[in-house]
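Colleague: sequence and computational prediction follow.
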Amino acid sequence: MTAAPNSSIIRAVVREILPRTGLAYLDGDDQREWTVTKSTPGADFEHLSPGDRVELCVERHDAWLFVSGYAELEH
């Protein structure tokens, strides 16, 4: 995964998945908590499990940071 000029790559671990709402909570190596949804471009949401490691593409827009995509890292 490559980062655009206004984005960065963060590694994170899946902490919790809420399949009914389509949300996954992650703990980033940057000491932040992140959220991806089943519609966030990237890995197959249905196959994510707690403990999986992912790379997040995080974009900055003004004062806001958001995950624009993610990829599962090999185990």
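Modeller: Happy to help now that I have it.
Colleague: buried sites along stretch 25-36?
Modeller: Going by neighbour count (16 or more other CB atoms under 10 Å), the buried part of stretch 25-36 is 26, 28, 34, 36. In this view, the C-beta of every residue, glycine as well, is placed from N, C-alpha and C.
Colleague: can you check stretch 45-64 too?
Modeller: So stretch 45-64, judged by 16+ other CB under 10 Å, has buried residues 45, 48, 52, 54, 55, 56, 57, 58, 59.
Colleague: what average pLDDT does it get?
Modeller: Stretch 45-64 comes out with an average pLDDT of 94.
Colleague: still on that earlier bit, which two among the buried residues of stretch 45-64 are spaced furthest apart?
Modeller: Greatest spacing in the buried residues of stretch 45-64, by CB to CB: 52 and 59 (21.8 Å).
Colleague: ok, the buried residues of stretch 45-64 vs residue 65, which is closest?
Modeller: Of the buried residues of stretch 45-64, the one sitting nearest to residue 65 (CB to CB) turns out to be residue 58, at 5.4 Å.
Colleague: does the closest one touch residue 69 like I think?
Modeller: No: between residue 58 and residue 69 there is no contact under CB atoms under 8 Å: 9.3 Å.
Colleague: give me the sheet partners of the lengthiest strand in the chain and which way each runs.
Modeller: With secondary structure taken from DSSP state E, the chain has its longest strand at strand 7-18. Using DSSP bridges, the strands paired with strand 7-18 are strand 23-28 (antiparallel), strand 53-61 (antiparallel).
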